[in-house]
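predicted model, plus sequence, below.
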Amino acid sequence: MKDYLVRGMSMDGFVKAVAIRSTELVGRGARIQKTTPNATAAFGRALTAASMMGNMQKVEDGSMTLQIRGGGPIGTITVVSDAMGNVRGCVTEPNVPLVEKHPGKLDVGATVGKDGTITVIRDLQMKEPYIGSTELVSGEIGDDVTAYFVQSEQVPTACALGVLVDRDHSVKAAGGYILQLLPGAPEETISTLEKGIQRAGAVTPMLEAGMTPEDILGQVCGSLGMVFLETQEVSYKCYCSRERVERALISLGRSELTQIRDEGKTFPVECQFCDRVYEFTPADVENLLKKL
């Protein structure tokens with residue numbers, strides 16, 4: 001089954017919702033970054049959240065970058081989403097030791113740490129990007145995304161994320177949801193939603209049971225009902241190209257490029273998001289110097 005997200009609205013019009021199945025894209029990201037189980041769970045949650053957040057932005061040709069620095073062993077997690085919800089990302093340290101809260105439950109908070117910040121950079125195709133940042137709450141990522149929306153964007157939000165890593169270290173299931181209250185939501189709606197979130201519980205068991213994004217939103221929103229507005233396929237997608245790498249090399253300046261050329265060896269450039277390697281011979285570098 002392909003990954004996809006679904007966007008919806010409660011029947012009373014006061015709850016905006018998005019939910020996602022992200023199993024394949026998380027699996028591909030984990031394979032590219034060569035993550036161990038704890039890093040896979042943390043990176044997967046960030047990929048899942050960023051996909052939904054990027055899609056919610058709905059600015060054509062815009063992008064959204066989610067960066068999490070918690071001081072834990074994984075270092076910095078960086079994920080970029082396009083306006084559709086396609087994502088790419090990387091982590092500083094993919095080889096993280098196994099840490100469990102209890103047998104079978106990976107400790108994502110200990111992997112990420114909570115002594116740091118969650119930063120969101122929104123490129124809305126304007127002169128300057130919007131940058132918001134808040135302190136981490138738990139390092140579990142879902143809690144931190146929730147706090148970010150409440151504190152930085154003043155939007156009451158509930159975010160739940162789950163990544164189930166199998167015994168062979170592959171990704172068995174991944175997904176999540178983001179719910180946001182719109183202005184003027186009555187107390188009855190808020191109470192019903194809170195009870196629904198509590199009743200539904202963690203995302204991972206729902207994913208393990210084979211529930212779809214539509215099922216998950218139906219379970220969480222309960223009697224509020226849900227009108228589904230859009231379904232969008234999403235994937236792990238990198239936009240790197242040789243032309244982009246050339247522009248990056250040119251930005252190094254004449255001195256550094258001359259040094260690379262004079263070494264007389266093929267110069268490899270590896271994309272941090274997809275592991276693709278672009279090779280530049282001394283003659284290639286000479287051609288770049290001519291463009292300066």
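Thanks, I have it.

and residue 153, how many residues sit next to it?
Residue 153 has 14 neighbouring residues, counting by other CB atoms under 10 Å. Backbone N, C-alpha and C define where each C-beta goes, glycine included.

and for the residue nearest to it when sequence neighbours are not counted, the neighbour number?
Using CB to CB, 6 or more residues apart in numbering and skipping the chain neighbours, the partner closest in space to residue 153 is residue 132 (6.5 Å). When neighbours are counted by other CB under 10 Å, residue 132 registers 14.

so what's residue 132 up against?
Contact analysis of residue 132 by CB atoms under 8 Å, 6 or more residues apart in numbering lists 119, 120, 122, 148, 152, 153.

any idea where the strands of the stretch 151-292 of the chain begin and end?
157-165, 171-181, 226-233, 267-270, 277-280 (DSSP state E, counting those that start in this stretch).

what's in contact with the fourth one?
Under the contact criterion CB under 8 Å, 6+ apart, strand 267-270 has outside partners 245, 248, 249, 260, 276, 277, 278, 279, 280, 281, 285.

the same query, at a cut-off of 7 Å, please.
Under the contact criterion CB atoms under 7 Å, 6 or more residues apart in numbering, strand 267-270 has outside partners 245, 260, 277, 278, 279, 280, 285.

and the contacts of residue 132, which two are furthest apart?
Spanning the widest gap among the contacts of residue 132 are 119 and 153, at 12.8 Å by CB to CB.

if we can go back for a sec, in CSV, list the strands of the stretch 151-292 of the chain along with mean pLDDT, distance to residue 32 and mean neighbour count.
Output for the strands of the stretch 151-292 of the chain, formatted as CSV (pLDDT from 0 to 100; distance: least, CB to CB, whole Å; neighbours: other CB atoms under 10 Å):
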stretch, mean pLDDT, distance to residue 32, mean neighbour count
strand 157-165, 96, 15, 24
strand 171-181, 97, 12, 24
strand 226-233, 95, 19, 13
strand 267-270, 93, 11, 13
strand 277-280, 94, 13, 15
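
make JSON lines out of those and add distance to residue 96.
Formatted as JSON lines, these follow (distance: least, CB to CB, whole Å):
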{"stretch": "strand 157-165", "distance to residue 96": "12"}
{"stretch": "strand 171-181", "distance to residue 96": "15"}
{"stretch": "strand 226-233", "distance to residue 96": "30"}
{"stretch": "strand 267-270", "distance to residue 96": "21"}
{"stretch": "strand 277-280", "distance to residue 96": "25"}
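
so for residue 82, which of the ones you listed sits nearest?
Ranking those by distance to residue 82, with CB to CB as the measure, places strand 226-233 first at 11.0 Å.

what about that closest one, distance to the chain center?
Distance of strand 226-233 from the chain centroid (CA atoms, centre = their mean, to the nearest Å) equals 20 Å.

which other helices and strands contact that strand?
strand 4-10, helix 213-221 (3 or more CB pairs under 7 Å, 6 or more residues apart in numbering; DSSP states H and E).

with just CA atoms, put it into PDB.
Extracted C-alpha coordinates of strand 226-233, given in PDB (Å, rounded to 0.1, in the frame of the first residue of the first chain):
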ATOM      1  CA  MET A 226     -15.400  13.900  10.000                       C
ATOM      2  CA  VAL A 227     -15.800  15.300   6.400                       C
ATOM      3  CA  PHE A 228     -12.800  14.200   4.300                       C
ATOM      4  CA  LEU A 229     -11.600  17.000   2.000                       C
ATOM      5  CA  GLU A 230      -8.500  15.800   0.300                       C
ATOM      6  CA  THR A 231      -6.400  12.700  -0.100                       C
ATOM      7  CA  GLN A 232      -2.700  13.000  -1.200                       C
ATOM      8  CA  GLU A 233      -0.100  10.400  -1.900                       C
END
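
just to revisit the earlier point, including mean pLDDT and distance to residue 228, could the helices and strands packed on strand 226-233 go into CSV?
Listed next are those as CSV, based on pLDDT from 0 to 100; distance: least, CB to CB, whole Å:
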stretch, mean pLDDT, distance to residue 228
strand 4-10, 97, 5
helix 213-221, 95, 6
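
can you list these in JSON lines and add distance to residue 256 and mean neighbour count?
Shown next, in JSON lines, are the helices and strands packed on strand 226-233 (distance: least, CB to CB, whole Å; neighbours: other CB atoms under 10 Å):
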{"stretch": "strand 4-10", "distance to residue 256": "42", "mean neighbour count": "22"}
{"stretch": "helix 213-221", "distance to residue 256": "47", "mean neighbour count": "21"}
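
since that was my last question, I'll sign off now.
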